[in-house]
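Novice: A structural model of the following input is requested.
(one chain, ligands or ions: 1)
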Amino acid sequence: MNTRSLVLAGALAALLAAGARAADGLPDTSKMNVLLIDIEDCNAGVWGCYGNEICKTPNLDRFAAGAVRFESAYCQAFCCNPTRTSFLTGLRPPSTRVLSNGDVMNKHLPAGVLTLPEMLKSQGFYTADIGKLFHTVDYAERQMATFDRIELYDKPAGWKGPGPILTFPPVARARAANPPPPKSKGKEFATWRRKQSDRYGDSGIPAEQDGDYRKAQVASALLKEFAKSKKQFFLAVAQSRPHTPLIAPKKYIEMYDPAKIPEPPAPLASLKKFPYMKRATGGNPDIFTQQQPTPQQVREAIAAYYACVSFVDDNVGMILDTLAQEGLDKNTIVIFLGDHGFHLGDHQFWSKYSMLEATRRVVFIVRVPGAPANGQACREFVEFVDIVPTLADLLKFDAKNALEGTSFAPLLVNAARPWKRAVFMTDGNGDNVVRTRQYSYLEFKSGKADVPTALYDLQRDPWETVNVADDPAYAAARKELAELLHGGWKAALPK
Ligand SMILES: [Ca+2]
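Specialist: I've put the predicted structure just below:
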């Protein structure tokens with residue numbers, strides 16, 4: 001083929017590709033950048049744009065107004081490492097074999113499985129990470145080594161990237177409330193860690209000295225650099241909040257009056273044949289680790305959680321403002337997500353690690369420049385395992401992994417289009433849940449639950465308090481849901 005033929009063939013291919021995209025209703029997204037903002041342990045219901053009337057989140061609300069806000073988005077696992085590994089590979093936890101926070105990713109992932117930054121790096125993207133993306137560096141050394149730039153996070157062994165784009169003076173610890181860790185790693189360390197996790201309220205340091213604020217500052221600096229270099233980039237930026245300890249700069253704590261915080265729903269007395277009764281009545285792994293809180297502590301902790309969320313909201317606002325100021329918002333896909341949910345005292349839980357709605361439902365907002373559905377709330381089911389297939393679809397790359405999710409690009413064109421019938425989550429030890437519009441159905445095989453099966457009628461009982469699994473009136477529903485659960489995710493795909 002001569003040069004002219006090559007050019008013609010290229011032009012024809014480009015026309016065909018453009019035609020395919022035009023038919024899909026999306027502009028050509030194949031050359032866009034990706035900004036992934038990932039936050040920790042976030043109850044989806046705390047954002048203004050998700051209906052919370054107390055917590056102030058103007059920046060994310062504004063972003064959501066020009067993006068697709070997924071109202072029914074679900075994660076595939078209930079804690080950091082398995083959910084992150086799942087959404088970074090496009091595989092479900094039984095396939096990643098990363099089932100708990102202790103499973104070392106590099107040892108568990110089947111041979112040949114790539115993570116999102118590795119996939120994008122092989123496509124020529126400039127890859128950068130600020131703060132946590134993989135659960136820890138140790139768990140994902142190979143995956144971390146693919147970054148061109150790592151900021152405010154431990155580097156993997158042998159990583160030879162550039163030094164920090166910004167340098168910060170050291171932060172003075174507010175010593176009385178925040179003692180340094182003991183040198184020994186034994187019981188003393190465990191006690192220190194528990195006390196750290198139990199803290200809530202004023203962090204004792206101003207926003208400017210806080211790690212989450214600094215991550216946003218570094219993101220802004222990198223975005224300015226990307227605007228000049230014009231390289232196609234993938235940038236992941238983390239916020240450690242609202243993970244415990246629920247501490248925030250004083251000005252955010254002062255935004256909320258604990259006296260005005262309503263009591264959490266699903267009190268203990270309302271629970272019938274509940275699978276997690278022991279967990280509800282005992283301590284929690286994340287906060288109130290030693291005993292259940294008093295009613296006053298409940299209100300104070302929720303107020304502190306809101307303060308953390310408002311702090312995150314301001315930091316995210318800083319990043320999104322820089323993106324717009326640099327003109328990068330026109331060609332950057334922005335994904336905002338919380339890695340899994342969190343119970344704020346409902347069911348007397350103060351943690352993740354359940355398969356209930358507060359843990360499995362996640363905040364998830366996606367802005368693809370030019371997408372017709374921007375500005376809409378999508379009520380159709382999407383799963384985090386869909387993120388990699390969607391990006392592969394939008395950016396036109398072969399993810400190579402045998403993906404176990406589905407591109408939701410059609411929902412970015414028409415958010416009301418009928419989509420998945422159900423969503424799935426697993427703890428990987430044989431405990432599974434399927435959620436449909438009307439029901440959630442949970443099966444426990446690991447022996448951690450007080451009752452092995454639970455069925456909730458979400459239309460009558462949205463907070464999952466009354467287990468109707470053994471109610472004869474629900475026998476047909478139970479059979480149908482069990483079949484759906486055992487049939488697996490492929491049985492629930494859009495038609
Ligand atoms: Ca987390």
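
Novice: which one is the residue in the stretch 1-150 of the chain positioned nearest to the ion nearest to, not counting chain neighbours?
Specialist: Nearest residue of the stretch 1-150 of the chain to the ion: residue 80, at 3.7 Å (C-beta to the ion). No exception for glycine: its C-beta is placed from N, CA and C like everyone else's. Nearest residue to residue 80 in three dimensions, chain neighbours excluded: residue 135, at 4.9 Å (C-beta to C-beta, 6 or more residues apart in numbering).

Novice: burial check on residue 198, number of neighbours?
Specialist: 21 (other C-beta atoms under 10 Å).

Novice: for it, give me its contacts.
Specialist: For residue 198, the contact set (C-beta atoms under 8 Å, 6 or more residues apart in numbering) comprises 244, 245, 287, 288, 289, 290.

Novice: the ion: which of those residues is nearest?
Specialist: residue 244 (10.2 Å).

Novice: could you check how far that closest one is from residue 54?
Specialist: Distance, residue 244 to residue 54, by C-beta to C-beta, to the nearest Å: 20 Å.

Novice: helix/strand/coil for residue 34?
Specialist: Counting by DSSP: H, G, I helix; E, B strand; the rest coil, the backbone at residue 34 sits in strand.

Novice: strands of this structure, start to end?
Specialist: 33-39, 68-74, 126-130, 149-151, 200-202, 233-239, 246-248, 332-338, 364-367, 377-383, 423-426, 432-435, 439-443, 453-457 (DSSP state E).

Novice: so what does the third one touch, helix or strand wise?
Specialist: For strand 126-130, the contact count by 3 or more C-beta pairs under 8 Å, 6 or more residues apart in numbering; DSSP states H and E identifies helix 116-122, strand 149-151, helix 211-229, strand 233-239 as packing neighbours.

Novice: and the ones you listed, which is most packed in?
Specialist: Highest mean neighbour count of those: strand 233-239, a mean of 25 (counted as mean count of other C-beta atoms under 10 Å).

Novice: let me know the average pLDDT across that strand.
Specialist: Across strand 233-239, the average pLDDT comes to 98.

Novice: count of residues packed around residue 491?
Specialist: Other residues close to residue 491 by other C-beta under 10 Å number 14.

Novice: could you measure it against residue 481, distance?
Specialist: 12 Å.

Novice: then residue 218?
Specialist: Residue 218 sits 46 Å away from residue 481, going by C-beta to C-beta.

Novice: please apply the same query to residue 142.
Specialist: Distance, residue 142 to residue 481, by C-beta to C-beta: 39 Å.

Novice: which one of those two has more residues nearby?
Specialist: Ranked by neighbour count (other C-beta under 10 Å), residue 142 and residue 481 place residue 481 first, with 25 against 13.

Novice: before we move on, the earlier item: more crowded one of residue 244 and residue 54?
Specialist: Higher neighbour count among residue 244 and residue 54: residue 244, with 27 against 15, using other C-beta under 10 Å.

Novice: doesn't residue 102 make contact with the residue of the stretch 1-150 of the chain closest to the ion?
Specialist: No. Counting by C-beta atoms under 8 Å, residue 80 sits too far from residue 102 to count as a contact (11.0 Å).

Novice: neighbour-wise, which of the two wins?
Specialist: More crowded of residue 80 and residue 102, by other C-beta under 10 Å: residue 80, with 21 against 9.

Novice: residues contacting the closest residue to residue 96 other than its chain neighbours?
Specialist: Nearest residue to residue 96, sequence neighbours excluded (C-beta to C-beta, 6+ apart): residue 85, at 4.8 Å. Contacts here follow C-beta under 8 Å, 6+ apart; on that basis residue 85 touches 91, 93, 96, 98, 105, 109, 115, 134, 135.

Novice: residues touching residue 96, list them.
Specialist: Each residue near residue 96 by C-beta under 8 Å, 6+ apart is listed here: 82, 85, 86, 89, 105, 108, 109, 110, 113.

Novice: what is the nearest of these to residue 170?
Specialist: Of all the contacts of residue 96, residue 170 sits closest to residue 105, with 31.1 Å by C-beta to C-beta.

Novice: I'd say that closest one and residue 137 touch.
Specialist: No. Between residue 105 and residue 137 there is no contact under C-beta under 8 Å: 10.3 Å.

Novice: these two: which is more packed in?
Specialist: Applying other C-beta under 10 Å to residue 105 and residue 137 shows that residue 105 carries more neighbours, namely 27 against 19.

Novice: for the more buried one, give its distance to residue 84.
Specialist: Relative to residue 84, residue 105 is positioned 9 Å away (C-beta to C-beta).

Novice: distance of residue 227 from residue 233?
Specialist: Going from residue 227 to residue 233 by C-beta to C-beta gives 10 Å.

Novice: I misspoke; the intended subject was residue 270.
Specialist: According to C-beta to C-beta, residue 270 and residue 233 sit 49 Å apart.

Novice: repeat for residue 452
Specialist: Relative to residue 233, residue 452 is positioned 48 Å away (C-beta to C-beta).

Novice: with residue 334 instead?
Specialist: Distance from residue 334 to residue 233, by C-beta to C-beta: 12 Å.

Novice: tell me which helix or strand in this protein has the weakest average pLDDT.
Specialist: In the chain, no helix or strand scores lower on mean pLDDT, DSSP states H and E than helix 3-24, which sits at a mean of 46.

Novice: flag every residue of this structure that's near the ion.
Specialist: Counting by C-beta under 5 Å from the ion, the positions of the chain adjacent to the ion are 40, 41, 80, 339.

Novice: switch to 8 Å and redo it
Specialist: Selection of the chain residues close to the ion by C-beta under 8 Å from the ion yields 40, 41, 79, 80, 83, 84, 243, 338, 339, 340, 352.

Novice: between these, which has the most around it?
Specialist: residue 340 (30 neighbours).

Novice: OK, now which residue of the stretch 201-350 of the chain is nearest to the ion?
Specialist: Counting by C-beta to the ion, the stretch 201-350 of the chain gets nearest to the ion through residue 339 (4.2 Å).

Novice: now render the contacts of residue 198 as TSV, adding distance to residue 222 and pLDDT.
Specialist: Shown next, in TSV, are those (distance: C-beta to C-beta, whole Å; pLDDT from 0 to 100):
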residue	distance to residue 222	pLDDT
244	28	96
245	28	96
287	33	95
288	38	94
289	37	92
290	41	90
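
Novice: one step back: count the residues that sit near the residue nearest to residue 80.
Specialist: Residue 135 has 22 nearby residues by other C-beta under 10 Å.

Novice: hmm, it is touching residue 81, no?
Specialist: Yes. In this structure, residue 135 is within contact of residue 81 by C-beta under 8 Å, at 3.8 Å.
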